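[1] Please find the sequence and the predicted model below.
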Amino acid sequence: MARVGLAILWVFTIALVASSVYLFLEVDRMRTDVARMRESVAVEVNKVREASSLLNSANRRNLDQLREELENAGRTASVAAGQARIEALRHAEDLARRLEAERQRQQTQLAADLQSVREATSMAHTKIADVSTEVSSVRGEVASAKSELDKTIAELKSVRGDLGVQSGLIATNAKELAALRALGDRNYFDFDIKKSKQMQRVGDITMRVTKVDAKKNKYTLELIADDKKVEKKDKSVNEPLQFYTARARLPYEIVVNEVRKDQIIGYLATPRVQAAR
């Protein structure tokens, strides 16, 4: 029993020593690793410090550069603001000069326009006075012409036509024909026809001269109205030649005022109101 106990003790002692040696070796290895780690950390810390130092230097340089640029920009802005202020003042002064020049020009133009208006008004008054005088003169002439027209109308004659119908007033010359036109009772068409084989239109009829005797103031003519031919033979000056048409109740009248060689001069009178008979 004693030997077994001693053997166990030795085994335990050897195991303990072996464990101690193993632990010592592990501790030593761990110390070595820790030392290495410390060195590595120190290296990294130095690198970080250097990087931080470099970064701080770069930041300081950037800040200094930015500060300088800001100061330069401020100085440039101040100069630009001063220049802009000067330009603005110059522009304002230029505008003021232009406005003053325009005001003076407008005043001059206004004075000239007023003078023109005064002159035009004076001329207008003069012309109005002249026109008033002319109107008075024209009124006098119109009154005289009307009096002359009334006198001419009073001298017109009413004779019986070649159909036995009492004619209206007849004209023996251009003055009396104008008086008839002024009355407006009938339509009047002048004609100046030479002896010819061709029919000539007067108003809404056609006619031609077939014979002329200037010494006796006689003439013969043919006329066509409503497609019917009528001959007026050996008629005298200022004798109303009458004929009817389907368009009027009253007769048409031809009056020859002058007979020349192979030519007659006169007028055609037609009713103003056209209505079928």
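    Alright, I've got the coordinates.

[2] Show me the helices in the stretch 1-150 of the chain, by range?
    2-155 (DSSP state H, counting those that start in this stretch).

[3] just the helices in the stretch 151-277 of the chain please.
    With DSSP H, counting those that start in this stretch as the criterion, the stretch 151-277 of the chain has helices at 174-183.

[4] State the distance from residue 243 to residue 84.
    Separation of residue 243 from residue 84 (CB to CB, to the nearest Å) stands at 103 Å. No exception for glycine: its C-beta is placed from N, CA and C like everyone else's.

[5] And for residue 255?
    For residue 255, the distance to residue 84 - CB to CB - is 100 Å.

[6] Among the two, which residue is more densely surrounded?
    residue 255 (22 against 10; other CB atoms under 10 Å).

[7] Now do the phi/psi pair for the residue nearest to residue 238 when sequence neighbours are not counted.
    Spatial nearest neighbour of residue 238, excluding adjacent residues (CB to CB, 6 or more residues apart in numbering): residue 172 at 5.1 Å. The phi/psi pair for residue 172 (degrees, to the nearest 10) reads phi -110, psi -10.

[8] what's the burial count for residue 172?
    Neighbours of residue 172 under the rule other CB under 10 Å: 16.

[9] swap in residue 51?
    Number of residues near residue 51 (other CB under 10 Å) recorded here: 10.

[10] cool, residue 269 as well?
    Using other CB under 10 Å, residue 269 has 27 neighbouring residues.

[11] isn't it right up against residue 252?
    Yes. Residue 269 is within contact range of residue 252, at 7.0 Å (criterion: CB atoms under 8 Å).

[12] mind checking pLDDT for the most centrally placed residue in the chain?
    With distances taken as CA atoms, centre = their mean, residue 113 lies nearest the centre of the chain, 27.6 Å away. We have a pLDDT of 80 for residue 113.

[13] what about it, distance to residue 107?
    11 Å.

[14] try residue 269
    Distance of residue 269 to residue 107, given as CB to CB: 71 Å.

[15] ok, now residue 128?
    For residue 128, the distance to residue 107 - CB to CB - is 31 Å.

[16] again, but for residue 91
    24 Å.

[17] Would you agree residue 217 is in contact with residue 237?
    Yes. Contact criterion CB under 8 Å: residue 217 and residue 237 qualify, at 4.4 Å.

[18] Overlap in contacts, those two.
    Common neighbours of residue 217 and residue 237, using CB atoms under 8 Å, 6 or more residues apart in numbering, are residue 259.

[19] the bottom helix or strand of the protein by mean pLDDT?
    Least confident element among the helices and strands of the chain, by mean pLDDT, DSSP states H and E: strand 157-160 (a mean of 65).

[20] Tell me how the chain divides into domains.
    1-125, 158-271 (automatic domain parsing).

[21] would TSV of those domains with distance to residue 134 be doable?
    Formatted as TSV, the domains of the chain follow (distance: least, CB to CB, whole Å):
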stretch	distance to residue 134
domain 1-125	15
domain 158-271	23
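
[22] Please work out which of the ones you listed is packed deepest.
    domain 158-271 (a mean of 16; mean count of other CB atoms under 10 Å).
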